[in-house]
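Visitor: Predicted model follows, preceded by the sequence.
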Amino acid sequence: MPGGRLTHEERRRIALGLADGLAYAEIARRLDRPTSTVTREVMRNGGPTAYRADLAHRATERRTHRRKPAASRTAEAPPQAHGRDADAVREFEETFTTVLMSSGMPTMMSRVMACLTLTDTGSLTASELVQRLQVSPASISKAVAFLEDQGFVTRERDERRRERYIVDDDIWYRSMIASARSTAQIVATARQGVGVLGPDTPAAHRLENVARFLDFVSESTARAAEQARDILTPRAAAPAGPRESDPGPR
């Protein structure tokens, strides 16, 4: 399987594959490249609808040129726990970040989310995120605020009174519930518009259809999230108490 940077010809073939409606995996197979390479390439350069081979090639050249002065500092990946391959972990973090971006999460928020998720402790301070991602504290603060609003991240103070940002096993449950609540607000607003526009008008009918569809989706999402949490999340066993027939101590 070839390695190294994508060539201009490969980028042209990616653009043609996207225009033909091919999946990333199929484009990657035709190029004999990992699917993650194609996914990352497309998402870094405008997404599937805006990807252009010439623009992507020039943008990559500019990014490579900007990174050259710092290459000596970042060439060696930091050591990993549990005998992990540091380069493989870094590659996977980029892939995970790209997938989050393709789902609609903004770039910096995706990077912070991936970094937190792939940390064994599931928590990092702002300074640790700044160091790992090589971005400004303001960027981290903005990303965390967004993730917290979406239910992905919580905060707490550690023993040194530092604020830590945390992901746990409930992050996707909380995010789904937050999404359902947000959708429910759209439903309520759409139904308010029905009254404003008049119930027998075409626009009002359109809004009512939007409200009915999203109402169903919102309720289904919340119900599915609750069911999945109850089934998949391990619960601590309740402490054993005296049975009803147990007379207790004499």
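Guide: Here it is on my side, so go on.

Visitor: pLDDT at Ala77, what is it?
Guide: We note a pLDDT of 49 for Ala77 in this prediction.

Visitor: need the longest helix for this protein.
Guide: Using DSSP state H to assign secondary structure, the helix with the most residues in the chain is helix 202-232.

Visitor: what mean pLDDT would you report for that one?
Guide: If you average the pLDDT values across helix 202-232, you get 93.

Visitor: which residues of the chain fall in helices?
Guide: Listed in chain order (using DSSP H), the helices of the chain are 8-19, 24-31, 35-44, 53-67, 71-74, 86-102, 107-117, 126-133, 137-149, 171-197, 202-232.

Visitor: Would you list the phi and psi of Gln134?
Guide: For Gln134, the backbone dihedrals are phi 60, psi 50 (criterion: degrees, to the nearest 10).

Visitor: What count of nearby residues applies to it?
Guide: Here the count is done by other Cβ atoms under 10 Å, and Gln134 has 10 residues near it. To be clear about C-beta, it is placed using only N, CA and C from the backbone, and glycine gets the same treatment.

Visitor: Same check on Ala178?
Guide: Residues within reach of Ala178, counting by other Cβ under 10 Å, total 14.

Visitor: And it, how close does it get to Ile186?
Guide: When distances are taken as Cβ to Cβ, to the nearest Å, Ala178 and Ile186 turn out to be 13 Å apart.

Visitor: same deal with Glu159?
Guide: 42 Å.

Visitor: do the same with Ala228
Guide: As judged by Cβ to Cβ, Ala228 and Ile186 stand 23 Å apart.

Visitor: re earlier: helices and strands around the longest helix of the chain, which ones?
Guide: Counting contacts by 3 or more Cβ pairs under 8 Å, 6 or more residues apart in numbering; DSSP states H and E, the secondary-structure elements packed against helix 202-232 are helix 171-197.
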